[in-house]
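quick one, structure for this:
(chains A and B, ligands or ions: 2)
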Amino acid sequence: MATMTYLQAISSALRDEMRTDERVFLMGEDIGVFGGAFKVTDGFIDEFGPDRVIDTPLAESAIIGCAVGAAVVGLRPVCEMQFADFISCGFDQLVNVAGKMHFRQGLAVPLVVRMPSGGGFSGGPFHSQNPEAWFMHAPGLKVVAPSTAEDAKGLLCHAIHDPNPVCYMEHKHLYRRVKGDVPDGVYETPFAARVAQPGSDLVVIAYGAMVGVALEAVGDGLDGASVEVLDLRSLVPLDEDAILDSVGRCAKVVIVDEANATCAAGAQVAALIAEKGFESLDGPVIRVSTPDVPIPFSPPLEAAILPNVERVREACRELLAY
Amino acid sequence: MSLDVAPPARAVDVDQGGHLTVDDRVWLLRAMLVMRGLEERAMSLYRQGRVPGSFYDGYGQEAVSAGAAFATAPEDRLCILHRDLAAHVIRGVAPARILAQYLGREGGITRGRDGNVHFGDRTVGCVGMVSMLPDMMLVATGMAMAFKLRGERRCAMTWFGDGSTSRGDFHEAMNWAGVQKLPVVFVLENNQYAYSTPLDKQFAVDPVERAAVYGFTGVKVDGNDVEAVFEAARVARGRAVDGGGPTLIEAVTMRMHGHAAHDDMKYVPRAQVDEWRARDPIDRQEARLAELGVDVAAVRASVTTEIDAATEEALASPMPDPASAASGVFCEGEPEILGDGVARWSGFLGEA
Ligand SMILES: Cc1ncc(C[n+]2csc(CCOP(=O)(O)OP(=O)(O)O)c2C)c(N)n1
Ligand SMILES: [Mg+2]
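Numbering: from 1, shown residues only, chains lettered A, B, ... in the order given. Ligands and ions are numbered 1, 2, ... in the order given. Here you go, the predicted model:
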């Protein structure tokens, strides 16, 4: 056990996996000599060499497509998108080639795509997106999004072991802000939700960076109410049982996601609750999310659209008073 | 600059080195005949409404897939495209399974999950194509990358059309394969058209010339001569497994049918079709073998018998269970691996 940042936990997962499984290798832009745009793979090339820490050309389609090829002949590629946003250039290979392979041909594609995602630092429209819903809508892809250092490592280990393509959404804002105790060696965090804080009067459902926002918003309780925070951790598969269990116990639901609102992960959770949790509800489901605009660059503009502690608290208060 | 199909400057000639036995040459003919026979059969089933969806064939282009796949070893891996049925035949996929695939049956290679030529039999080392062209160039490049990383003497081979050369994945695959000197063979099937679009609307420079700018060899070959295609592929494979990097083979041929069954190809000049009909790859190989004293009629007859039996078997085979429609999206257990294919070429016999 060691205390480390979310970023160090990601590095630790990659390092431990590469030490224990020689099939695991990394591909990405500037991940070798430079150690990655965010330094997740700093020093890796010295330990594992350029054959396992591959500096690729600037070519996202090639990164994903070649990873598919390597995966079907027995390797375990972990691809880094320099920013999650650039997956748009590798989208076709991920969605059409990787995602549909097993269904069509019974051929597994064990690959992981690491996607540094999220805003809050003036990254602007092309370096701040949360594109997880793109992949949730594409059959055959798993999607996970850790909020803690421990889960950052455990979910990544699990993703590498999984025989399917996994989109691993790592939130840039958490890289150096979130710290925690992380077990040594390889371990798996299940692709399932966790109760980040138990409560009984209202549940805030969130994932990734929004879990921390939710926890801060509700504190140990809000105006005397007992508020639960459910961290989804995995978006595909979506932990329906955990969601419906929280809804059943709390009866009031606020769903937070940092992604643009329409068809976001939170919209799927809301639809699930409408279909299967309606009887338990004691008030409308309230969503807090980013409006459907590209993420603006200028700090006051960006702050105006991203969900924050105040907006979550306000939503909770409104619903508690319902 | 001409995009015409004049005899290529660096043409690959017919088996000058004596790499093909008579049996090999008969096998090449057989594979082409099976391809043509299966596609003709499937086309008539399509016209009877028994093959759902659409139907694509490679009539007149049989030499390209037969010749190139014949040069692959069991441990090589292939991404086969939509006009390349003979490659599946050579790797050992049974005709009945191919017809079952067209018919959407449980016994088809994709068990009804995907249609027509969108298949690859993983048990014989093939990864089935997706519609998006030419995505499979990158998958083949990635397989080659894995072979190189593990220090294995094997190659990946993939096919794609003239139209496919315009998309970014062509560039990304050629570039990466060139940078890493990967053991991959790219077979460009220049059949003069991409759907209705002729070559002069597709590119300003003959794609074979591009190989050089990516740092590897490009060769042009008569795509209607199965032995010439084989020879080019044999050399390319040898280069690949010896660490010499990728090769782009441009096989010049002609799409003799419409893009798909619905297409009457009115946009193709009659004279062009007639000119190419005189260069039919099957006729050519038959003439060659007849001169060697092979009983070509007997080969034809045995192929017809095989296809008749396969048709009967496929038509009698069950449709997939509707209850299984949503199953298999994810791999639940251990990943299945790609198996080795069959190598028919006598040149591999001594290597085993
Ligand atoms: C990326 C992409 N865009 C459009 C299509 C639709 N389409 C299917 S085949 C085809 C023509 C392909 O031409 P070519 O690459 O020359 O192959 P050919 O069919 O001639 O063998 C088109 C446009 C496609 N399959 N993929
Ligand atoms: Mg074409």
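
so what touches stretch B:256-274?
Stretch B:256-274 is contacted from outside by B:43, B:46-47, B:54-57, B:59-61, B:192-193, B:195-196, B:254, B:276-277, using CB atoms under 8 Å, 6 or more residues apart in numbering or on different chains. (Each C-beta comes from the backbone N, C-alpha and C, glycine too.)

could you export that stretch as CSV, CA atoms only?
Extracted as CSV, the C-alpha positions of stretch B:256-274 are listed here (Å, rounded to 0.1, in the frame of the first residue of the first chain):
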residue,chain,number,x,y,z
MET,B,256,-16.5,-7.4,-64.9
HIS,B,257,-19.8,-7.1,-63.1
GLY,B,258,-21.6,-4.2,-61.5
HIS,B,259,-20.5,-3.0,-58.1
ALA,B,260,-23.2,-5.2,-56.6
ALA,B,261,-26.1,-7.2,-58.0
HIS,B,262,-28.3,-4.1,-58.3
ASP,B,263,-25.8,-2.2,-60.5
ASP,B,264,-26.2,-2.5,-64.3
MET,B,265,-22.8,-0.7,-64.8
LYS,B,266,-24.1,1.5,-67.6
TYR,B,267,-21.3,3.8,-66.8
VAL,B,268,-18.7,1.3,-68.1
PRO,B,269,-17.9,1.5,-71.8
ARG,B,270,-18.9,-1.8,-73.6
ALA,B,271,-15.5,-1.9,-75.4
GLN,B,272,-13.7,-1.9,-72.0
VAL,B,273,-15.6,-4.9,-70.9
ASP,B,274,-15.1,-6.8,-74.1
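
in that stretch, what counts as buried?
B:256-259, B:261, B:263, B:268 (16 or more other CB atoms under 10 Å in any protein chain shown).

ok, and the closest non-adjacent residue to the residue in the stretch 1-150 of chain B positioned nearest to ligand 1?
The minimum distance from the stretch 1-150 of chain B to ligand 1, using CB to the nearest ligand atom, falls at residue B:133 (4.0 Å). Leaving out its chain neighbours, the residue that sits closest to residue B:133 by CB to CB, 6 or more residues apart in numbering or on different chains is residue B:164, at 4.2 Å.

do you know how far the one you found is from residue B:203?
The gap separating residue B:164 from residue B:203 is 11 Å, by CB to CB, to the nearest Å.

now swap in residue A:179 and tell me
With CB to CB as the criterion, residue A:179 and residue B:203 are 55 Å apart.

before we move on, what about residue A:193?
Separation of residue A:193 from residue B:203 (CB to CB) stands at 52 Å.

ok, now how distant is residue A:217 from ligand 1?
According to CB to the nearest ligand atom, to the nearest Å, residue A:217 stands 46 Å off from ligand 1.

please apply the same query to residue B:239.
For residue B:239, the distance to ligand 1 - CB to the nearest ligand atom - is 25 Å.

same thing with residue B:240?
Using CB to the nearest ligand atom, we find residue B:240 at a distance of 23 Å from ligand 1.

shouldn't that residue be in contact with residue B:144?
Yes - shown here, residue B:240 and residue B:144 form a contact pair, counting by CB atoms under 8 Å, at 7.5 Å.

so which of these two has more stuff around it?
Between residue B:240 and residue B:144, counted using other CB atoms under 10 Å in any protein chain shown, the more crowded position is residue B:144 (33 against 28).

which is the next helix or strand following the helix or strand harbouring the more buried one?
Assigned by DSSP states H and E, residue B:144 falls within helix B:136-149. For helix B:136-149, the succeeding helix or strand toward the C-terminus, using DSSP H and E, is strand B:156-161.

report all helices and strands that that following strand contacts.
Helices and strands touching strand B:156-161, as assessed by 3 or more CB pairs under 8 Å, 6 or more residues apart in numbering or on different chains; DSSP states H and E, comprise helix B:62-69, strand B:77-79, helix B:136-149, strand B:184-190.
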